[in-house]
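Peer 1: below are the sequence and a predicted model; questions follow.
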Amino acid sequence: MAFQINVRADFGRVQAILNNAGKQVRFATAVALTKTAKLAETEVKAEMVRVFDRPTRWAINATRVVPATKQRLVAQVWLKDRRGLPQGKDSNFLYPQVFGGPRGRKAYETRLMQVGWLRSNEFTVPAKDLALDGNGNVPVGVIRSILSQAKAAGGLGYDSNASNSKRSKRTVQRAGTYFVSRGKSTGNPLPRGIYQRVKTGFGWGTRLVLLIVQGKPKYRQRLRLGKVADETTNRYFQREFDKAYAVALRTAR
């Protein structure tokens, strides 16, 4: 996924020059487009910090500028997926944050579905009182413990499925026991969700960790890429073109 910065009709002076462009003009235009794209990339990073709750370093650095050339007068700012490749519509990382809409299934949800803790149309949402990690996500330790006790850890880098060993029992005792409630429709008083049974000073208690919902959770639009691109282009492109054009004229003599 990318947004493009190019020479458009509202830059009348530049478009008029391009109509009779020599190689210096096209070079200057390519330089200006690329520098404007880099400025837009900086603005996108600032927007991520502003709208997201403690975004990860990976998220902030998930951009890449594709420079313009004399033959291709378009500069682009790509948003990359988790493999570092240009991100398409079906990626589940930033696309929902840019355009809104449902998120994709998380890897741990797929595992929980495979072992029967989730149905095919169900997803998880963190409980309101669950302490998230420094990046605003469900802590890895919580996910690891849930998958281990659900016997769903294999294939996700966790080989610690719960067993009857003393070490496994000690681990479960420290983390608390996780279990899934089938919901009130089955006679269970607890709403559909994944719970943790923990020992307190007053005995054993139960707390909701992940609420289970039907249908994909939806994101609202938060990262305004199109607006950031337009504002950056309007603010900086003409300046960058004038500077690059002046250099091109001097070096052409």
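Peer 2: Now that the structure is in, tell me what you want to look at.
Peer 1: ranges for the helices of this structure?
Peer 2: For the chain, the helices defined by DSSP state H occupy 12-19, 23-51, 57-60, 95-99, 107-114, 140-149, 166-175, 225-252.
Peer 1: out of those helices, nearest to residue 208?
Peer 2: The closest of these to residue 208 is helix 140-149. By Cβ to Cβ, the value is 12.3 Å. C-beta: built from backbone N, CA, C; applies to glycine.
Peer 1: so what's the gap between the closest one and the chain middle?
Peer 2: Remark: helix 140-149 is offset 22 Å from the chain centroid, using Cα atoms, centre = their mean, to the nearest Å.
Peer 1: same question for stretch 231-245.
Peer 2: Averaging C-alpha positions (Cα atoms, centre = their mean) puts stretch 231-245 29 Å from its chain's average.
Peer 1: next, the buried residues of it.
Peer 2: Across stretch 231-245, burial judged by 16 or more other Cβ atoms under 10 Å covers 232-233, 236-237, 240-241, 244-245.
Peer 1: show me what the mean pLDDT comes to for stretch 181-191.
Peer 2: Mean per-residue pLDDT for stretch 181-191: 78.
Peer 1: repeat that for stretch 4-22.
Peer 2: The model assigns stretch 4-22 a mean pLDDT of 61.
Peer 1: now do the same for residue 216: its pLDDT.
Peer 2: Note for residue 216: predicted pLDDT of 90.
Peer 1: so it touches residue 122, yeah?
Peer 2: No. With contact defined as Cβ atoms under 8 Å, residue 216 does not count as touching residue 122 (9.9 Å).
Peer 1: what is the strand of greatest length in the chain packed up against?
Peer 2: Ranked by residue count under DSSP state E, the longest strand found in the chain is strand 203-214. On a contact count with 3 or more Cβ pairs under 8 Å, 6 or more residues apart in numbering; DSSP states H and E, strand 203-214 meets strand 122-126, helix 140-149, strand 193-200.
Peer 1: which of those comes out lowest on mean pLDDT?
Peer 2: Of all the helices and strands packed on strand 203-214, mean pLDDT reaches its minimum on strand 193-200 (a mean of 86).
Peer 1: and that strand, how far out from the chain middle?
Peer 2: For strand 193-200, the distance to the chain centre is 29 Å (Cα atoms, centre = their mean).
Peer 1: still on that earlier bit, give the buried residues for the longest strand of the chain.
Peer 2: Buried, per 16+ other Cβ under 10 Å, within strand 203-214: 208-212.
Peer 1: list just the nearest of those residues to residue 226.
Peer 2: Ranked by distance to residue 226 (Cβ to Cβ), these are led by residue 211 at 32.7 Å.
Peer 1: what residues are bridge-paired with that closest one?
Peer 2: On the basis of DSSP bridges, residue 211 is bridged to residue 125, residue 193.
Peer 1: that one: what's it in contact with?
Peer 2: Applying Cβ atoms under 8 Å, 6 or more residues apart in numbering, we find residue 211 in contact with 124-127, 191-193.
Peer 1: drop anything exposed from these.
Peer 2: Neighbour counting with 16+ other Cβ under 10 Å marks 124, 126-127, 192-193 as buried within the contacts of residue 211.
Peer 1: which one of the residues you listed is nearest to residue 75?
Peer 2: The nearest member of the buried ones among the contacts of residue 211 to residue 75, counting by Cβ to Cβ, is residue 126 at 38.4 Å.
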